[in-house]
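In: Below: sequence and its predicted model.
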Amino acid sequence: MRLLETIELTKNFFGLTALDKVNLYVNKGEIVGLIGPNGSGKTTLFNCATGVLPVTGGRVKFRGEDITGLKTHEIALKGLSRTFQIIRIFPQMTVMENMLLSIQQHQGERILSSILRTPRVRRFEKEARERALELLEFVNIAHLKDNLAGNLSFGQHKLLEFIMALMPDPEIVLLDEPAAAVNPTMIKKMMDHIFQLNKEGYTFLIIEHNMDVVMELCNRVVVLNYGEKIAEGKPEEIKNNDDVIEAYFGT
Amino acid sequence: MEMFFQLLVNGIAFGSIYAMVAVGLTIVFGILEVVNFAQGEFYMLAAYVTFLVYLVQLPYPLAIAIAVATMIVIGLIVERFAIRPLIGRAWQLPILSTLGISIIMQNGAIVLWTPNPRTIIIDIANLNIHIFGVVIVFQKLMIVFFALALFIGLHYFIQKTKTGKAMRAVSQNKEACRIIGIDVPRISSITFALGAGLSGFGGALVAPVMAIHPVMGILLVLKCFAAVIMGGFGNIKGTIYSAFILAIVESFAVAYVSLQYKDVFAFLVMIIILLFRPAGLFGKKVGI
Amino acid sequence: MNMRISRLLVMIAVGIFLLGIPYFVTSPYVMHIIIFSGIYIIFALSYDIVVGYLGMLSLAHPAFYGVGGYTSVLLVMKLDVPYIIALPIAGILALIVALIVGFPALRLSYHSFAIVTLAFTLIMRAVWINWVSLTNGPMGIPGVPRPTIDIPFLGAIHIETLTDYYYFILILVIITCLFIYLMIHSRVGRALLSIRENEVLAETLGVNAFKYRMIAFAIGAFFAGLAGSFTAHYITFMGPEFTDFYYITMLLIMVILGGSGTIHGVIIGAIAFTFIPEYLRITPEFRDVIYGFVLLTTIIFMPGGIGGKINEILYRRRVRTG
């Protein structure tokens, strides 16, 4: 099943075409890599898909449903999660608070009951805390749960952002350069985590510059250049694709 | 018919004042990104300075010059000590700072000069001029004339001079300006002083035709805020047009609708416009 | 555990102290100020919800206070509604007005929001001053009856003496503090904080920023309305003076100097600035000049306020617990 799909997705910024009729899909259970030289439109695609940026043309579909033009928080509640290139967490709140924030209530919950701590709300909070703890242990930062998120090291930030995206139990996670500026040991750990989660049923769409990661991790790779899709296929095919080589290195 | 033109002319005269003060607000916002709640107080203080200078028998034109100069100096001091330290921190801080200054100035004026309104009588200012069957006080004609001259001068200054171009650049991208070597603090000072001076000019011009009292600034400045919001924060032309529109609407509404709710009309117009165009009549901040 | 016990002990001590105040305060004048500080605590805390937790500069708060006050007075005096019902209705009406105003206003940029809320207050002021048949205009409505609360089977409670009013406001203050405390530590509070810290990220995590803004704005208005109602039935008078510039200045000083975003800070700010003006025997204008300077210096040198300073000190003592 095509979990996430863009159809002729186009984005213009004052005459600059950032995305040009991009057709991309991610099947349930896949790990798809999105690569391309700097400025090729990868993050823009993420932003359009998650409602951060308005779309100029084309559509975005999630589980067959048209989500083009929906607001960011609406899309998030449907099961689509993402991380950012520049890490976004809440530095003034504790790690646990950051985790708890990542899970929003079901539509039925009312504000007053939330404030007054009805039993249903309390149970929900308890479950949320348990899940947060699980994820924190999964990436081995559970001991930091009461520290201010701003005080974590860079690598720990990345891990936190990663598991925050997982808190709401999304169907698909969009990762924006998870291996950027990270040391090789950490990269290996990240890849292990992603593999593990993929086995448990999570689908991933990953923007990455680190070719080793892409080669090892992804089932399929999509290549963008100047906003256009120029190639698509298995990692080995892409590695030897002339267009791709030209895009990255010039002629 | 006569009434119509009378109201129109009245609206234009007041619109000139609103526009002067509002433009001061808008350039300060466009370049410093600060909403100056004390803008009305520069207007008010300038009126008082004009009054004091006139009291010692100096000629009115000199009074205007002194008033404007004083406001410029005060503006420079305020910017340097109460605003510049706060730029870059939470956005509410500079606004609250100017609010504090506004409170100090308003109450300071009451302490110094009592809440009783003052007036200055200048014979030539009160001369009635008859144009096309409309009676207008000479001073009001002067106000419109000066406002026009001021705006033309401002336009020239911003478009053609080096400082003006630097101001435009800062309003568009402060960081980039710093990198290419524009002295941003200096531009901030100049802009704020300019805003204070414009407001001061308005106050000095209005002194012969209106009662001068310590809260005359706050009521005016709120309408100028309305003009700035309507015109689009940072958009000089939009602000000027909006100021005139508001003043004219106010003039007519007072005559045909109600005197009691006089001060409310400008706000109602502003709110209605914002409901349909949240970014103002003339769009988003386009840089000056 | 040690922390918990000592905290509990402190709270019990404070509780006993508060309950006993009418017994060791003999001057009616001081009692009056104490009651007023209670009113201001509620008013300032309600304001802090919008300014501190939401982070938006709203200048509409005096208007909500007024809606609460006038509603309560008119319900009791013209429609014979029992006070026990008029009080919450006053709050709810203020809440509804906030929702109506907030719906368009909260979509605006921060700066436009500030000015539009100010415009709203001024418009309401003009309405209250000019709609003489309803509000008696600038003269205000005198002779507001003191609260009478009818409890079935137990008879009526008449709130008349200073002591009565004191316990009444004490109850209201406790309810307000409790509610706000619960709110901050609930999902709502976390959502508000996340919006203030990083709105884009909050939205990405599924937080509907606009909805939470409306909620905070409305809750702030509710308590402001309650404060208005209490005051009207305490001083037995309701007029439009609270829309004077002075009151919003006071609110801002209480919240900012007290420490926006901290309950204890705002409470300190409210109490301090209810007492201080009483003991400052100078002309109102001179006092306001000083206030202006206080506001200015606080913003420049201590924007976190007293509450912020207290938090800073506590921080250094122990690791913050979630």
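Out: Cool, got the structure.

In: residue in the stretch 151-288 of chain B nearest to chain C?
Out: Going by CB to the nearest CB, chain C is nearest to residue B:267 of the stretch 151-288 of chain B, at 4.0 Å. For glycine as for every other residue, the C-beta is placed from the backbone atoms N, C-alpha and C.

In: ok, and the closest non-adjacent residue to that residue?
Out: Spatial nearest neighbour of residue B:267, chain neighbours left out: residue C:119 (4.0 Å); criterion: CB to CB, 6 or more residues apart in numbering or on different chains.

In: How about residue B:98?
Out: Counting by CB to CB, 6+ apart, the residue nearest residue B:98 is residue B:37, at 4.2 Å.

In: how about the one you found, secondary structure?
Out: Three-state assignment for residue B:37 (DSSP: H, G, I helix; E, B strand; the rest coil): coil.

In: Correct me if wrong: it contacts residue B:95.
Out: Yes - with contact defined as CB atoms under 8 Å, residue B:37 counts as touching residue B:95 (6.4 Å).

In: more neighbours, these two?
Out: Taking neighbours as other CB atoms under 10 Å in any protein chain shown, residue B:37 and residue B:95 compare with residue B:37 leading, 25 against 21.

In: Quick one: residues contacting the more buried one.
Out: Residues near residue B:37 by CB atoms under 8 Å, 6 or more residues apart in numbering or on different chains: B:95, B:98-99, B:101-102, B:221.

In: Backbone dihedrals for it, please?
Out: Backbone geometry at residue B:37, expressed as degrees, to the nearest 10, gives phi -70, psi -10.

In: What separation do you get for it and residue B:97?
Out: Residue B:37 sits 9 Å away from residue B:97, taking CB to CB, to the nearest Å as the criterion.

In: what does the stretch 101-250 of chain B put close to chain C?
Out: Neighbours of chain C within the stretch 101-250 of chain B, by CB under 8 Å from any CB of the partner chain: B:101-108, B:110-111, B:218, B:222, B:225-226, B:229, B:233.

In: Narrow these to those in helices?
Out: Among these, the residues falling in helices (DSSP state H) are B:101-108, B:110-111, B:218, B:222, B:225-226, B:229.

In: Residue A:205: which of those is nearest?
Out: residue B:229 (41.9 Å; CB to CB).

In: Can you say which helix or strand has the closest residue to the closest one other than its chain neighbours in it?
Out: Using CB to CB, 6+ apart and skipping the chain neighbours, the partner closest in space to residue B:229 is residue C:112 (5.2 Å). Assigned by DSSP states H and E, residue C:112 belongs to helix C:110-130.

In: for residue A:21, same thing?
Out: Secondary structure assignment for residue A:21, by DSSP H and E: strand A:16-27.

In: in whatever helix or strand comes next after that strand, what counts as buried?
Out: Using DSSP H and E, the next helix or strand after strand A:16-27 towards the C-terminus is strand A:31-35. With burial defined by 16 or more other CB atoms under 10 Å in any protein chain shown, the residues of strand A:31-35 counted as buried are A:31-35.

In: do stretch A:95-103 as well
Out: Across stretch A:95-103, burial judged by 16+ other CB under 10 Å covers A:95-103.

In: Give me the below-cutoff pLDDT ranges for the stretch 51-200 of chain A.
Out: A:104-111, A:113-114 (pLDDT under 70).

In: Run through the residues of it sitting next to chain C.
Out: Residues of the stretch 51-200 of chain A found near chain C (CB under 8 Å from any CB) are A:52, A:71-74, A:76-77, A:82, A:84, A:88-94, A:96-97, A:100-105, A:111, A:114-117, A:121, A:125, A:145-148, A:164, A:168.

In: If you count contacts, what does the helix or strand harbouring residue B:64 end up packed against?
Out: Following DSSP H and E, one finds residue B:64 within helix B:60-78. Applying 3 or more CB pairs under 8 Å, 6 or more residues apart in numbering or on different chains; DSSP states H and E, one finds that helix B:60-78 makes contact with helix B:39-55, helix B:184-206.
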